[in-house]
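A.B. asks: predicted model, plus sequence, below.
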Amino acid sequence: MIKNLKLNKSLWGISTLLALIAAIYGLMNNKIYSGLFPEKFIAAQFSQDWLTILVCLFLIYLIFTTRGSSLKKPLIILGIMGAFAYLYAIFSIERVYNVLYLLYLAILGTSFFSIVFTISSLDSGVVNTLEVRKGVKYTTAIFSLLIATLFSFLWISALLPLMATKTQIQNLYSIYLLDLVFVMPSFVITAVMTFRKNPLGYVLTPAMFILGIFVIFPLGLGELAQPMFGMTMNIKSMGMSFMLSALFLGGAIWQLVALKQKQGE
């Protein structure tokens with residue numbers, strides 16, 4: 001399903017290698033985050049680095065085993081590249097000016113352009129033969145719209161008081177930007193394409209859900225790690241993160257399993 005596989009694998013591999021280096025270095029020397037993150041976020045970054053290492057090892061397996069005819073592995077890779085772009089866009093926009101900052105920019109650049117190139121490399125002849133059962137595609141499309149609506153409402157509700165008082169927050173302003181400008185519109189677009197029976201929507205929906213997993217799940221892990229850093233765990237926040245991650249995971253698996261080529265094609 002992927003054309004120009006060699007170049008795609010090169011971009012995936014570079015992003016994976018750079019992210020692996022950044023995560024390993026961050027674990028070995030977590031002082032690089034001191035003074036750049038609020039203290040309560042250090043545990044979350046510790047968990048994020050561990051998760052990134054595990055994901056990179058999984059990516060290495062996927063990259064080596066993906067073939068030009070592979071139908072589902074490239075979509076998993078695409079979703080993880082989206083998660084890398086999101087994470088390191090946060091680091092870049094939030095001005096995490098430590099020794100790894102140029103590496104963060106490099107990961108953002110390579111992962112972003114790998115997404116663009118992978119989507120442009122999808123074989124339209126194969127994509128147009130794909131189908132998903134009606135119950136699956138409409139359920140995942142509705143879920144995508146609900147996610148976009150929920151987070152757009154939450155973030156706009158948080159922004160309006162800041163706008164009214166002309167308050168500039170010092171941390172996590174990047175999330176409002178990335179979610180409202182890129183991520184939530186992408187959920188809406190994939191949902192609309194699915195409702196219009198555009199096979200590209202069937203392909204991009206699981207990739208968006210995989211992105212959602214690796215954005216939300218580390219928040220729960222961060223809460224789980226808070227006691228290691230002498231802070232109190234927020235059980236409610238952790239539970240919400242894990243529950244939403246489970247919904248994304250279930251949706252991604254459901255869509256990938258249901259994604260098939262039409263008989264006779």
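C.D. replies: That came through, no problem.

A.B. asks: in the stretch 151-265 of the chain, which spans are helices?
C.D. replies: For the stretch 151-265 of the chain, the helices defined by DSSP state H, counting those that start in this stretch occupy 173-178, 184-195, 199-225, 235-258.

A.B. asks: Ser114: which of these is closest?
C.D. replies: Comparison of the helices of the stretch 151-265 of the chain against Ser114 by C-beta to C-beta identifies helix 199-225 as nearest, at 12.2 Å. For glycine as for every other residue, the C-beta is placed from the backbone atoms N, C-alpha and C.

A.B. asks: what's the most buried one of the helices of the stretch 151-265 of the chain?
C.D. replies: Each of the helices of the stretch 151-265 of the chain was scored by mean neighbour count; the highest is helix 199-225, a mean of 23, by mean count of other C-beta atoms under 10 Å.

A.B. asks: now that helix and helix 235-258, what's the angle there?
C.D. replies: On the basis of axes from the mean of the first three to the mean of the last three C-alpha atoms, to 10 degrees, helix 199-225 is oriented at 150 degrees to helix 235-258.

A.B. asks: pLDDT averaged over helix 199-225 - what is it?
C.D. replies: For helix 199-225, the mean pLDDT works out to 92.

A.B. asks: angle of it against helix 184-195?
C.D. replies: Calculated by the same axes, to 10 degrees, helix 199-225 forms an angle of 140 degrees with helix 184-195.

A.B. asks: measure how far helix 199-225 is from the centre of its chain, please.
C.D. replies: Mean-position distance between helix 199-225 and its chain equals 5 Å (C-alpha atoms, centre = their mean, to the nearest Å).

A.B. asks: with stretch 28-35 instead?
C.D. replies: Here the centre of stretch 28-35 is set off from its chain's centre by 24 Å, with C-alpha atoms, centre = their mean.

A.B. asks: swap in stretch 78-85?
C.D. replies: Using C-alpha atoms, centre = their mean, the offset of stretch 78-85 from its chain centre is 5 Å.

A.B. asks: quick one: average pLDDT of that stretch?
C.D. replies: Mean predicted confidence for stretch 78-85 is 97.

A.B. asks: on that earlier part again, need the helices of the stretch 151-265 of the chain in TSV with distance to Leu108, can you?
C.D. replies: TSV is the format used below for these (distance: least, C-beta to C-beta, whole Å):
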stretch	distance to Leu108
helix 173-178	11
helix 184-195	17
helix 199-225	14
helix 235-258	22
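
A.B. asks: Tyr88 is nearest to which of the ones you listed?
C.D. replies: Per C-beta to C-beta, nearest to Tyr88 of the helices of the stretch 151-265 of the chain: helix 173-178, 10.6 Å.
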